[in-house]
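**Q** Could you work out the structure for the sequence below:
(2 chains)
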Amino acid sequence: MHGDHQPPFEAPWQAQAFALAVHLNQRGLFTWSEWAAALAAERRRSAEAGVADEPQQYYLDWLQALERLLTERGEAAADELGTFREAWVAAYEATPHGHPVRLEKGFDALSRSRHG
Amino acid sequence: MSHDHDHPDHSHVPPEPALRVQALESLLTRKGLVDPGALEAIIETYSEEVGPRNGARVVARSWVDAGYRQWLLDDATAAIAHLGYEGRQGEHMVALENTERVHNLVVCTLCSCYPWTVLGIPPGWYKSEAYRARAVREPRAVLAEFGVYLDDDTEVRLWDSTAEIRYLVVPQRPAGTEGWSEEALAELVTRDAMVGAGRALAPGQAGGAA
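**A** Presented below is the predicted three-dimensional model:
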């Protein structure tokens, strides 16, 4: 368990979330201190809420911190995020197994179900 | 694997956190705030290139080159950058020397600040609530669980990482390695040793000791 060769991420989404924070910091959306403070606040919230500290909880807190920081700064409103999430679900459901999943297809399916 | 008799003919919908990350990434990409190619490059770098081997090379150099060692202890950021490892977050590096009398242990009590440049992504235990709390309260007990037993007269110094300052522990060079090459020495330097939660391997312990 203390080996040097543990895979750094347990699931691809964890690597994606990690890279998003690094990238947005490099692009100047927030400083690394601001990011560390946001992550620390989220970690504290989970601990105080008594959430079990499973390995994946760290990246769930990471993701929550990222969403919160970007929402606070007006870069990603909560309802926009909700819509994009719904569109992705619709895209997966509208795409035959084994084919590339495209977000556009999800938005099309959503607007059809709303207007039709 | 599939014992699902209702096997859907559409694509498998990913788990909730994956959907949230995907929503965030696609929204920010449309706004021009994210370059998906750059994200891929970051993931590749941290999955494959950046890891504790970088730190091991720094430590091994400091074992064979007294001038480098002094530079590392005086100005770790510059000495580490000299070997090609530069921080992405502009963080300041500090090297801590373990001796017979002093054992340094690094923790981040707030979140998980960690010297990525030289050690890669932190391991699960470093990020855990248990380690973060117990390293402060009972460092000797935590060290014993990692197999590091210290004499009573060895002082334990605990260092709390921040977003601005990250620490690299320089473990003691193991006995019986006189005349070893830098490359061979680097094989003895484990990630745990560079956090202070271990010692460098003894000759004979290295090689496949994952």
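**Q** contacts and neighbour counts: CA atoms only from here.
**A** Will do.
**Q** and the residue nearest to B:Y114 when sequence neighbours are not counted, what are its bridge partners?
**A** Using Cα to Cα, 6 or more residues apart in numbering or on different chains and skipping the chain neighbours, the partner closest in space to B:Y114 is B:R166 (5.9 Å). Here B:R166 sits in beta bridges with B:M93, going by DSSP bridges.
**Q** I'd guessed B:R166 sits against B:V118; true?
**A** No: counting by Cα atoms under 8 Å, B:R166 stays clear of B:V118, with 10.2 Å between them.
**Q** And the two? Which one has more around it.
**A** B:V118 (26 against 23; other Cα atoms under 10 Å in any protein chain shown).
**Q** what are the phi and psi angles of that one?
**A** Main-chain dihedrals, B:V118, degrees, to the nearest 10: phi -100, psi -20.
**Q** Export the helix or strand of chain A with the lowest mean pLDDT to PDB, keeping only CA atoms.
**A** Every helix and strand in chain A was compared by mean pLDDT, DSSP states H and E; the lowest is helix A:103-115, with a mean of 89. In PDB, the C-alpha atoms belonging to helix A:103-115 read as follows (Å, rounded to 0.1, in the frame of the first residue of the first chain):
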ATOM      1  CA  LEU A 103     -22.800  16.600 -26.900                       C
ATOM      2  CA  GLU A 104     -24.700  18.100 -29.800                       C
ATOM      3  CA  LYS A 105     -26.800  15.000 -30.100                       C
ATOM      4  CA  GLY A 106     -27.800  15.400 -26.500                       C
ATOM      5  CA  PHE A 107     -28.800  19.000 -26.900                       C
ATOM      6  CA  ASP A 108     -30.900  18.000 -30.000                       C
ATOM      7  CA  ALA A 109     -32.600  15.200 -28.000                       C
ATOM      8  CA  LEU A 110     -33.300  17.600 -25.200                       C
ATOM      9  CA  SER A 111     -34.900  20.300 -27.400                       C
ATOM     10  CA  ARG A 112     -37.000  17.600 -29.200                       C
ATOM     11  CA  SER A 113     -38.300  16.300 -26.000                       C
ATOM     12  CA  ARG A 114     -39.200  19.800 -24.800                       C
ATOM     13  CA  HIS A 115     -40.800  21.000 -28.000                       C
END
